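Visitor: Mind looking at a prediction? Sequence and model below.
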Amino acid sequence: MSSKAIIVGGGLAGLATAAALAERDVSVMLLESRPRLGGRASSFGDRTTETQIDNCQHVTMGCCTNFQHFCRTVGLSDLFRRELELFFIGPGNSTATWHCDRLTASRLPAPFHLFPAFSKISYLKRQDKFQLAKGLKALAAINPNLTSEKTIERWLWDNGQTATAIERFWNLVLVSALGETPNRISVPQAQKVFVDAFLANRSGWEVSIPVVPLDDLYGLRLTEWLAQRGVTIRLRSGVQRLLVDQGTVVAVELRDGQRLSANHFVVAVPHHLVLSLLPVSMRTHPQLAGVNRLQSAPIASVHLWFDRPITTLPHAVFVNRLSQWMFNRSVLQSVRDSRGGQDSHDDKMYYYQIVISAARNLAGLSQRAVAAEVTRELTEVWPETANSQLLHSRLIVEHQAVFSPLPGVDKLRPIQQSPISNLQFAGDWTATGWPATMEGAVRSGYLAAENILRNLGRTAQILQPDLPTSLLSKLVLKL
């Protein structure tokens, strides 16, 4: 007997669900209210520069095994550039205002592969590094269930971390990875970042950056892959509600009144939109009681175009500044051009994207004021910026970019299998064991697809295993 699944939401969670089901011969219809796929991972055209710019820079890491599997499956892997070296811009010595430290792995096995690079960080003193090493070992060893109600900021102070180490290392990593400030991050969420990315496996820390705009990443190539496998994609098809009869979802009702029926349904929309799609009787179910209590954190992107290059670095991480990450979009785009991509950047304009996570401190500031402050910081680091002309700037704030990894947040996240047998939830906000990341979104989609196949009497292992933990990490850190 044939089976049909309707997926509501064309973000990464919905796309992962669709890809997994389509590969296993389940008929899929994907409904997206916007005129494009990708959800929060989106781009739009800037009229002044005639370029596509992303609402926020999305990156992935080596520990994101399911996102990488998804990209390999649908043929997107070549649209990323893997970075084996990260550049950290920190305070300099008495004769310099800044210094660039390079982070790269040594030949040592995990968890010591990054130790030589960390030991050379110029903006941390010996005592900071000593306490940092002790803190990482202690964090890896804790039982997350016993610390779920505690913030990582409180834990760091309780475990002897110096103010400098907290400000210049812990905060730096956590805000970038989780989009929140340490006083709003639970200990288990922080532990997940440091163990999976830095301690368990040599490859976990490796960053990969898209070399095309996000609309291209989730655009024609992906659409064609899905269509070739029978997925029906309907854009501009917003869903008004799910229709339930005798405890089973029987159809979705679109905003124009049209009704579409199927055997299985997946709601893959942001957490703040979920309950509005469900019947009133279902919104108070204990499994969903925490959904509306999830909080969100904003991420801002400052897009700058200069008349000349201000640096040749492909990216940079800034220590203790308003600016947190710099992505040299002209350099990244040139990688795509060299691989035969169709787009090319204007060599008379040099494009840089600055990311500011947990961007609540920008509230009330004008776009001009933020661009001016970011440009001032860039000038301090690269003085040649003062000799360049800022041709254009844009500020984009994604107000609900990620859910906040607050203490106790995992108790609020529902599993993918809803209280209704033929209805699944998918999204990074569901119970995935991961924070709000592209990896978490793909994991949720794979888990939802597994549930649908199980309900069809078919067993499939779609979820990919984590990177293997090195033997030495197991021995030293008890992982």
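Guide: Everything's here; your move.
Visitor: Am I right that Ile233 falls within a strand?
Guide: Yes: membership of Ile233 in a strand is supported by DSSP: H, G, I helix; E, B strand; the rest coil.
Visitor: That one - how many residues pack around it?
Guide: Neighbour count of Ile233, defined by other CB atoms under 10 Å: 19. Every residue, glycine included, has its C-beta placed from N, CA and C.
Visitor: Now do the contacts for it.
Guide: Residues near Ile233 by CB atoms under 8 Å, 6 or more residues apart in numbering: 10, 30, 32, 37, 223, 226-227.
Visitor: same deal with Thr104?
Guide: 84-86, 117.
Visitor: So how do I select the buried members of those residues in PyMOL?
Guide: Buried residues within the contacts of Thr104, by 16 or more other CB atoms under 10 Å, are selected in PyMOL with:
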select buried, resi 86+117
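Visitor: Inside helices: which ones of the contacts of Thr104?
Guide: Members of the contacts of Thr104 lying in helices (criterion: DSSP state H): Ala117.
Visitor: Which of the contacts of Thr104 fall within strands?
Guide: With DSSP state E as the criterion, strands contain Leu86 from among the contacts of Thr104.
Visitor: Same list as before, the contacts of Ile233 that is, but in TSV and with pLDDT, neighbour count and secondary structure included.
Guide: Formatted as TSV, those follow (pLDDT from 0 to 100; neighbours: other CB atoms under 10 Å; DSSP: H, G, I helix; E, B strand; the rest coil):
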residue	pLDDT	neighbour count	secondary structure
Gly10	97	26	coil
Leu30	98	26	strand
Glu32	98	25	coil
Leu37	95	26	coil
Thr223	96	19	helix
Leu226	98	20	helix
Ala227	97	12	helix
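Visitor: now, among the residues you listed, which is nearest to Val355?
Guide: Leu37 (22.5 Å; CB to CB).
Visitor: Was I right to think Val244 contacts Val252?
Guide: No: the criterion here is CB atoms under 8 Å, and Val244 misses it with Val252 at 10.7 Å.
Visitor: Comparing the two, which residue is more hemmed in?
Guide: A side-by-side neighbour count of Val244 and Val252, using other CB under 10 Å, places Val252 first with 23 against 18.
Visitor: got the CA coordinates for whichever strand or helix holds that one in CSV?
Guide: Val252 belongs to strand 248-254 when assigned by DSSP states H and E. Only the C-alpha atoms of strand 248-254 are listed here, as CSV (Å, rounded to 0.1, in the frame of the first residue of the first chain):
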residue,chain,number,x,y,z
THR,A,248,-5.7,11.2,13.7
VAL,A,249,-4.5,14.0,11.4
VAL,A,250,-6.3,13.6,8.1
ALA,A,251,-5.3,16.8,6.3
VAL,A,252,-3.8,20.2,6.3
GLU,A,253,-5.8,23.3,5.5
LEU,A,254,-3.9,26.0,3.6
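Visitor: Which stretches in the stretch 151-300 of the chain count as helices?
Guide: 152-158, 163-165, 171-178, 187-194, 214-217, 220-228, 271-277, 280-283 (DSSP state H, counting those that start in this stretch).
Visitor: Quick one: list the elements packing against the longest one.
Guide: I take that to be helix 220-228. Judged by 3 or more CB pairs under 8 Å, 6 or more residues apart in numbering; DSSP states H and E, helix 220-228 is in contact with helix 12-22, helix 65-74, strand 232-234.
Visitor: For Pro91, grab the count of nearby residues.
Guide: Counted with other CB under 10 Å, the neighbours of Pro91 add up to 15.
Visitor: Also Gln161?
Guide: When neighbours are defined as other CB under 10 Å, Gln161 has 21 of them.
Visitor: ok, it touching Trp170?
Guide: Yes: applying CB under 8 Å, one finds Gln161 in contact with Trp170, separated by 6.7 Å.
Visitor: any shared contact partners between these two?
Guide: If you check Gln161 and Trp170 against CB under 8 Å, 6+ apart, the residues they both contact are Gly135.
Visitor: Show me the shaky parts of the chain.
Guide: 1-2, 93-96, 335-347 (pLDDT under 70).
Visitor: quick one: contacts for the nearest residue to Glu167 once chain neighbours are set aside?
Guide: Of all residues not flanking Glu167 in the chain, Asn320 sits nearest, at 5.9 Å (CB to CB, 6 or more residues apart in numbering). By CB under 8 Å, 6+ apart, the contact set of Asn320 is 90-91, 167-168, 172.
Visitor: Which of those are buried? Put it as a PyMOL command.
Guide: Buried residues within the contacts of Asn320, by 16+ other CB under 10 Å, are selected in PyMOL with:
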select buried, resi 90+167+168+172
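Visitor: Now tabulate the contacts of Asn320 in a markdown table and tack on distance to Leu103.
Guide: Formatted as a markdown table, the contacts of Asn320 follow (distance: CB to CB, whole Å):
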| residue | distance to Leu103 |
| --- | --- |
| Gly90 | 11 |
| Pro91 | 16 |
| Glu167 | 18 |
| Arg168 | 13 |
| Leu172 | 11 |
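Visitor: wait, which of the contacts of Asn320 is closest to Lys348?
Guide: Gly90 (32.3 Å).
Visitor: Could you tell me whether the closest one really is in a helix?
Guide: No: according to three-state DSSP, Gly90 belongs to no helix; its state is strand.
Visitor: Tell me how far it lies from Glu206.
Guide: Gly90 sits 21 Å away from Glu206, going by CB to CB, to the nearest Å.
Visitor: Ok, Ser357 next?
Guide: 20 Å.
Visitor: got it, and Glu32?
Guide: 31 Å.
Visitor: In this structure, where's the longest strand?
Guide: strand 390-403.
Visitor: C-terminal to it, what's the next element?
Guide: strand 423-425.
Visitor: Tell me the buried residues in that next one?
Guide: 423-425.
Visitor: and which of those is nearest to Ile310?
Guide: When the buried residues of strand 423-425 are compared for distance to Ile310 (CB to CB), Phe425 comes out closest, at 44.5 Å.
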